[in-house]
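[1] what's the 3D shape of this:
(one chain, ligands or ions: 1)
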Amino acid sequence: MVDLQTSFAGLSLQSPLIIGSSGLTRNLNHAQAYAEAGAGAIILKSLFEEQIAMHTEHLIAKNDYPEANEYIASYVRSEALEDYLKLLREAKERLTVPVIASINCSGMGGWTEFAERIAEAGADALEVNILRLETGLYIDPAEIEAYYLSIVTALSGKGLPLIVKLGRHHSCLPMLVDKLRAAGAAAVTLFNRPYQIDIDLSREQLIGGEVFSHEGDFTETLRFTGLIRGQVPGVGISSSTGVYTWEELTKALLAGADTVQMCTAVYKKGAEAISEALKGLRYWMMDHGYQNVSELRGRLSYATVPDPSLFERIQFMKYFGVRGQRD
Ligand SMILES: Cc1cc2nc3c(=O)[nH]c(=O)nc-3n(C[C@H](O)[C@H](O)[C@H](O)COP(=O)(O)O)c2cc1C
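    From the prediction side, this is the model:
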């Protein structure tokens, strides 16, 4: 019999498979079904800084008394927070697996106060999804990094293990992750998947792109899981984006993930996606003679594979040169 128990960010989980932050976890009947299917933890839908700001702007635009603007802003924030805390408390009452709260921010907002309230409401950990896309011509990347660190420094020490959810677009991810670890992050989630864009050719208009991830999105998740596991000891890694079956789950663990998140697969297949992935992992472990997850975790990370340069290879030249193939 294989044992899937996992430690992650100071939490004890029944399995390494986590349900990623999304509308999936807003419905607690569904969240309970995911836990019964074997999920190790659930991450609640995020409390969005952008959503609070937009709602505030909308109410202020309709308000004829500018002296009330400050009151409106603080009312919207506290209402959004109270709704979130209610969901969190209910989730904690109903679920037997750890409940991870989530905030989604691009700036400091009032998140330090929120983190304290979230800790008081009983969350087991906090995932902070820092979603920024720098587009200015005169922005210094070092200042951006410092900004990420300042958010983590402000949020750490609030009584909750902190998990930082990152995007792929950074100058040097291992270095950033190491600095986040030093600033107090217990773990990182690699990666978030930002809002996508597309073009509608018939109307010649810019439109929103596909909400769900697709096959192929997983390869960068795998690359950076292995690279960071091998280079930044002492930080937990939750691999996210493009995990649909036991195969991606097992690969991410071999590359060094502590936990692996699923979102799109659960939207498409429900709780079955979880039970099937865990069943596949168990069979594979039995077949390969592993009894617990820690035995296989990180066996193929940047630090452990015979040729780590494979993780760094991004050009095809070498491949074509060796094989003499061109297509
Ligand atoms: C409908 C939907 C809603 C989402 N909502 C959130 C959210 O509230 N907060 C967050 O951090 N990520 C959110 N995400 C991103 C997912 O947590 C995840 O990072 C992304 O979908 C990639 O994982 P996947 O390939 O398993 O779908 C959402 C994704 C989807 C599809």
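
[2] residues from the stretch 51-200 of the chain in reach of the ligand?
    102, 104, 129, 165, 192-193 (C-beta under 6 Å from any ligand atom). Every residue, glycine included, has its C-beta placed from N, CA and C.

[3] Next step: those restricted to strands.
    102, 104, 129, 165 (DSSP state E).

[4] Tabulate those (JSON lines), appending pLDDT and neighbour count.
    JSON lines is the format used below for these (pLDDT from 0 to 100; neighbours: other C-beta atoms under 10 Å):
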{"residue": "102", "pLDDT": "95", "neighbour count": "25"}
{"residue": "104", "pLDDT": "86", "neighbour count": "21"}
{"residue": "129", "pLDDT": "92", "neighbour count": "22"}
{"residue": "165", "pLDDT": "96", "neighbour count": "25"}
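
[5] nearest to the ligand, of those?
    Distance to the ligand, by C-beta to the nearest ligand atom, is smallest for residue 129 among those, at 3.8 Å.

[6] Could you find the closest non-adjacent residue to the closest one?
    residue 165 (4.0 Å; C-beta to C-beta, 6 or more residues apart in numbering).

[7] Surely that neighbour and residue 189 touch.
    Yes: between residue 165 and residue 189 there is a contact under C-beta atoms under 8 Å: 3.9 Å.

[8] overlap in contacts of the two?
    Residues touching both residue 165 and residue 189 (C-beta atoms under 8 Å, 6 or more residues apart in numbering): 127, 129, 240.

[9] My understanding was that the last one contacts residue 213; is that so?
    Looking back up the chat, that one is residue 240. No: assessed by C-beta under 8 Å, residue 240 is found out of contact with residue 213, at 9.2 Å.

[10] quick one: which of those two has more around it?
    residue 240 (31 against 19; other C-beta atoms under 10 Å).

[11] Which residues are in contact with that one?
    20, 165, 189-193, 221, 260-261, 263.

[12] Repeat the analysis, applying 10 Å as the threshold.
    Contacts for residue 240 were tallied using C-beta atoms under 10 Å, 6 or more residues apart in numbering; they are 18, 20-21, 43, 127, 165-166, 188-193, 213, 217-218, 221, 225, 252, 257, 259-263.

[13] what's the overlap in contacts for residue 240 and residue 213?
    193, 221, 263.

[14] so can I have TSV of those residues showing distance to residue 90 and pLDDT?
    Below are these laid out as TSV (distance: C-beta to C-beta, whole Å; pLDDT from 0 to 100):
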residue	distance to residue 90	pLDDT
193	27	89
221	31	97
263	21	97
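
[15] For burial, what's the neighbour tally of residue 212?
    Applying other C-beta under 10 Å, I find that residue 212 has 12 neighbouring residues.

[16] Then the one 3 residues further on?
    Other residues near residue 215 number 9, with proximity taken as other C-beta under 10 Å.

[17] Kindly report the same for residue 172.
    With other C-beta under 10 Å as criterion, residue 172 counts 10.

[18] For it, give me its contacts.
    141, 145, 178.

[19] can you tell me which of the shared contacts of residue 240 and residue 213 are in helices?
    Judged by DSSP state H, helices contain the following of those: residue 221.

[20] which of the shared contacts of residue 240 and residue 213 tops the neighbour count?
    Neighbour max across the shared contacts of residue 240 and residue 213 (other C-beta under 10 Å) = residue 221, 26 neighbours.

[21] Out of the contacts of residue 240, list just those in strands.
    18, 43, 127, 165-166, 188-190, 259-262.

[22] Among those, which one is most surrounded by other residues?
    Neighbour max across the ones in strands among the contacts of residue 240 (other C-beta under 10 Å) = residue 18, 33 neighbours.

[23] show me what contacts that one?
    Applying C-beta under 10 Å, 6+ apart, the residues near residue 18 are 6, 8, 11, 34, 39-43, 97-98, 100, 127, 163, 189, 238-240, 243, 258-263, 274.

[24] can you pull the pLDDT of it?
    Per-residue confidence (pLDDT) for residue 18: 98.

[25] ok, now how distant is it from the ligand?
    10 Å (C-beta to the nearest ligand atom, to the nearest Å).

[26] now do residue 298
    Per C-beta to the nearest ligand atom, residue 298 is found 21 Å from the ligand.

[27] quick check, that residue in a helix?
    No: assigned with DSSP: H, G, I helix; E, B strand; the rest coil, residue 298 falls outside any helix and is coil.

[28] isn't it right next to residue 239, touching?
    No: using C-beta atoms under 10 Å, residue 298 is not in contact with residue 239; the gap is 11.9 Å.

[29] re earlier: contact partners for the residue nearest to residue 129?
    Counted by C-beta under 10 Å, 6+ apart, residue 165 has contacts 20-21, 43, 46, 102-104, 127-131, 187-192, 238, 240, 261.
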